[in-house]
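Peer 1: Turn this into a structure:
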Amino acid sequence: MKINLFIGIATLLFAVSGCNSGTTGTKPDTPAQNQKIKISKADLQDKIKGGWAGQVIGCTYGGPTEFKWLGTMINDEVPIPWDENQLEFWYDQFPGLYDDVYMDLTFVSVFEEHGLDAPDTLHALAFANAGYPLWHANQAARYNILNGIMPPQSGHYFNNPHADDIDFQIESDFAGLMSPGMINASSEICDRIGHIMNYGDGWYGGVFVAGMYTQAFISDNMEFIVTEALKAIPHESRFYQIIADVIKWHKMYPNDWKQNWFEIQKKWSFEKGCPDGVFNAFNIDASLNAAYIVLGLLYGESDYGKTIDISTRAGQDSDCNPSNAAGILGTMLGYSNIPDYWKQGLDRVEHRDFSFTELSLIDTYELGYKHALQMIENHGGQLHQDSVEIAYQTVSPVKMEQSFENLYPEKRLSFEWPLSGKVINNSEKEIEIQFEGAGIVLSGGAVKTDSSLPDHNLKLDVFINDKLGETISLPTQSLIGKTNVYWNYRLEDGPNSVKLVATDVPKGYQVNIYSALIYSKEN
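Peer 2: Residues are numbered from 1 along each chain as shown. Prediction:
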């Protein structure tokens, strides 16, 4: 039974004004700027351990459901297995499930090697040259970096059509876990690293998730944790508005998460950015999936299983969302207070290195604790023999930025290659698409039609309204490939044409174009 974590577990003391730490039923007062919050080193370590282990537990639970329920919730009658074998099974059979964690560890490793002030360039290069496969905003950023477009431009929607996708949100946990009670320090880390792959709402997702971790160290009131972290997000942003609505609907329907889910769907489920999600049921937008994280946290009522289950059953990216939720709640509770039922089998995998790393969960617990101690000391706190004093930071909102500004998806032109001729190869040298609009995204990719050939970077000249705009490179190697063939969000609204002309597409290779997403200016 959980009895006031600050007394029974964390022994947190708001030393300056003695402000109320709160319980799950009473919202605490917000500590003052630089107010010292004392926590034992043992409890700090336990919370960091709970945050990292929680991510793995939540990701594993949601693993079987990932992107199988699109625009619908997972019915209560659908069983989601959990037993002592689940963690080991996923580690053995599908280690890529844990990209939520091993991508965090790329940045943790850079901090460990180069110090906590390591610039975004070092993080970007480590990320881009890692051996793991990537998707969406991460893959677009990797391509950009390897082709000389560095952060923050690598995450900007002009250069990344997946800028609002979930990518940084799912890999931002480390920033909060190393910044206990120091939300502005966490936001600064997110600014440095999150703009490698995201912008706007995609970046805000990481700032918000990391912010909830920072508050989970100093409060056991989940409503406080959520609402305080949301203060870091500009009010005028779409991201803020959707999370504020989820909080409002929680007050209206405090016992019915499904009614809240329906309200989210009715108002906020339209995808504007991701070319794979626009006009489709698939939605990888950071803000919508963050809403599902918050559903679990608020309606879960600090019950570990209930929290994970709700964030999973909300659908869409239903392994990443419970991973974030379980990590935040695990930080609040501490590893020692995560129920044994949810930790079953964890001892079998904690010592095993994550894919593409030389770090295990046990290593990560230690590094996370080490970096948190350094951050506490660097930001005005103090380290004692058995405890630390955290200099609490009141929230300062981050800057306002919006992806796809003044643009709205109008229609999708679909092509069935090669019958329609939307293919460029050794014989079909060019294609032209005429349209009315202010932006366009061409989806497709470079492929080898002869598998015996080596990978090759295909080259195309792009003409906008008969004027040469740029030359693009399309690798056939998927690890370094381009997410979309071409995009342009800065056209004059009206009649436009895009023509792609082969400059280096040898025999045995081709470029397939399977759709054109057209944007118009918003009224």
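
Peer 1: hey, where'd the strands end up in the stretch 301-450 of the chain?
Peer 2: For the stretch 301-450 of the chain, the strands defined by DSSP state E, counting those that start in this stretch cover 382-383, 387-391, 407-414, 423-424, 430-437, 439-448.

Peer 1: Reformat those as CSV; add mean neighbour count, distance to G51 and mean pLDDT.
Peer 2: Bear in mind the C-beta positions are built from the backbone N, C-alpha and C, glycine included. Listed next are these as CSV, based on neighbours: other C-beta atoms under 10 Å; distance: least, C-beta to C-beta, whole Å; pLDDT from 0 to 100:
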stretch, mean neighbour count, distance to G51, mean pLDDT
strand 382-383, 12, 20, 98
strand 387-391, 21, 15, 98
strand 407-414, 16, 37, 95
strand 423-424, 23, 48, 92
strand 430-437, 16, 45, 95
strand 439-448, 21, 37, 96
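
Peer 1: any low-confidence regions in this protein?
Peer 2: Along the chain, the parts satisfying pLDDT under 70 run over 1-28, 417-421.

Peer 1: Give me the most central residue, it.
Peer 2: In the chain, the residue lying closest to the centroid (C-alpha atoms, centre = their mean) is Q169, at 2.1 Å.

Peer 1: a strand runs through that one, doesn't it?
Peer 2: No. Read with DSSP: H, G, I helix; E, B strand; the rest coil, Q169 is helix and lies in no strand.

Peer 1: Now it: closest residue in space, sequence neighbours ignored.
Peer 2: Leaving aside its chain neighbours, Q169 sits nearest to G205 (3.2 Å; criterion: C-beta to C-beta, 6 or more residues apart in numbering).

Peer 1: Packing partners of the one helix or strand that neighbour maps to?
Peer 2: Remark: G205 resides in helix 201-216, with elements defined by DSSP states H and E. The contact analysis (3 or more C-beta pairs under 8 Å, 6 or more residues apart in numbering; DSSP states H and E) places helix 201-216 against helix 41-62, helix 167-170, helix 173-177, helix 183-194, helix 222-230, helix 238-252, helix 286-299, helix 320-333.

Peer 1: Would you mind getting the angle between the last one and helix 222-230?
Peer 2: So the one you mean is helix 320-333. 110 degrees (axes from the mean of the first three to the mean of the last three C-alpha atoms, to 10 degrees).

Peer 1: what angle do helix 320-333 and helix 41-62 make?
Peer 2: Put simply, helix 320-333 runs at 160 degrees to helix 41-62, going by the same axes, to 10 degrees.

Peer 1: on contacts alone, who are the packing partners of helix 320-333?
Peer 2: The contact analysis (3+ C-beta pairs under 8 Å, 6+ apart) places helix 320-333 against helix 41-62, helix 99-114, helix 167-170, helix 173-177, helix 201-216, helix 222-230, helix 286-299, helix 304-313.

Peer 1: can you redo the ones you listed as CSV with distance to W82?
Peer 2: CSV is the format used below for the helices and strands packed on helix 320-333 (distance: least, C-beta to C-beta, whole Å):
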stretch, distance to W82
helix 41-62, 6
helix 99-114, 18
helix 167-170, 21
helix 173-177, 21
helix 201-216, 23
helix 222-230, 22
helix 286-299, 15
helix 304-313, 8
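
Peer 1: out of those, which comes closest to Q241?
Peer 2: Counting by C-beta to C-beta, Q241 lies closest to helix 286-299 out of the helices and strands packed on helix 320-333; the figure is 8.6 Å.

Peer 1: Who are the packing partners of that closest one?
Peer 2: helix 167-170, helix 201-216, helix 222-230, helix 238-252, helix 257-268, helix 304-313, helix 320-333.

Peer 1: one more time with 6 Å, if that's ok
Peer 2: Packing contacts for helix 286-299, counted by 3 or more C-beta pairs under 6 Å, 6 or more residues apart in numbering; DSSP states H and E, involve helix 201-216, helix 222-230, helix 238-252, helix 257-268, helix 304-313, helix 320-333.

Peer 1: neighbouring contacts of the fifth one?
Peer 2: Helix 304-313 has contacts (C-beta atoms under 6 Å, 6 or more residues apart in numbering) with 58, 61-62, 65, 73-74, 257, 292-293, 295-296, 299-300, 318, 321-322, 325-326, 329, 338-339, 342.

Peer 1: List buried residues within these.
Peer 2: In terms of neighbour count (16 or more other C-beta atoms under 10 Å), the buried residues within the contacts of helix 304-313 are 58, 61-62, 65, 73-74, 257, 292-293, 295-296, 299-300, 318, 321-322, 325-326, 329, 338, 342.

Peer 1: which ones are touching E263?
Peer 2: W249.

Peer 1: From A291, how far off is it?
Peer 2: To A291, E263 is 10 Å away according to C-beta to C-beta, to the nearest Å.
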